[in-house]
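Engineer: One predicted model, sequence on top.
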Amino acid sequence: KMDEGIEENDPAMVHIQSELHAEEEKRAQWALENARRHHNYLPFCVELLRSLAGSGKMDGLMTNAKTTAAEKRKRQQKS
């Protein structure tokens, strides 16, 4: 038994514990999202593009992306 005569397996207690757990998970998810939102990814993206261009892979990726985008537009126009 817990304090004040409420049992641990009481349906009301189980429901409250479940809601508390859900709220804690929600707040943990918010903290993770806030960390992502506050991080500056621009330097990483610029360096990635420079690296791809320097290794000669950028042209192939651009051609591939253009082809994929054109195919996607054609499929959407047919729908």
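Structural biologist: Right, received. Where do you want to start?
Engineer: which one's the longest helix in the protein?
Structural biologist: Counting by DSSP state H, the longest helix found in the chain is helix 11-38.
Engineer: what's downstream of that helix, the next helix or strand?
Structural biologist: Following helix 11-38 in sequence order, the next helix or strand is helix 42-54 (DSSP states H and E).
Engineer: So for the helix or strand following that next one, mean pLDDT?
Structural biologist: Following helix 42-54 in sequence order, the next helix or strand is helix 58-78 (DSSP H and E). Helix 58-78 shows a mean pLDDT of 95 in the predicted model.
Engineer: Output the contacting helices and strands for helix 58-78.
Structural biologist: On a contact count with 3 or more Cβ pairs under 8 Å, 6 or more residues apart in numbering; DSSP states H and E, helix 58-78 meets helix 42-54. (Glycine included, C-beta is placed from N, CA and C.)
Engineer: which residues touch the helix it packs on?
Structural biologist: Residues from elsewhere that reach helix 42-54 (Cβ atoms under 8 Å, 6 or more residues apart in numbering): 58, 61.
Engineer: between it and helix 58-78, how many degrees?
Structural biologist: Counting by axes from the mean of the first three to the mean of the last three Cα atoms, to 10 degrees, helix 42-54 lies at 110 degrees to helix 58-78.
Engineer: so for helix 42-54, what's the average pLDDT?
Structural biologist: Summarised as a single mean, pLDDT over helix 42-54 is 96.
Engineer: Tell me how far it lies from the chain's centre.
Structural biologist: How far helix 42-54 lies from its chain's middle: 22 Å, per Cα atoms, centre = their mean, to the nearest Å.
Engineer: Keeping just the C-alphas, turn it into PDB.
Structural biologist: Backbone C-alpha positions of helix 42-54 (Å, rounded to 0.1, in the frame of the first residue of the first chain) are rendered in PDB as follows:
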ATOM      1  CA  LEU A  42      24.400  25.700 -42.000                       C
ATOM      2  CA  PRO A  43      28.200  25.200 -41.600                       C
ATOM      3  CA  PHE A  44      27.800  21.500 -41.800                       C
ATOM      4  CA  CYS A  45      25.700  21.800 -45.000                       C
ATOM      5  CA  VAL A  46      28.200  24.200 -46.600                       C
ATOM      6  CA  GLU A  47      31.100  21.800 -45.800                       C
ATOM      7  CA  LEU A  48      29.100  18.800 -47.100                       C
ATOM      8  CA  LEU A  49      28.500  20.600 -50.400                       C
ATOM      9  CA  ARG A  50      32.100  21.700 -50.700                       C
ATOM     10  CA  SER A  51      33.300  18.100 -50.000                       C
ATOM     11  CA  LEU A  52      30.900  16.700 -52.600                       C
ATOM     12  CA  ALA A  53      32.000  19.300 -55.200                       C
ATOM     13  CA  GLY A  54      35.700  18.700 -54.400                       C
END
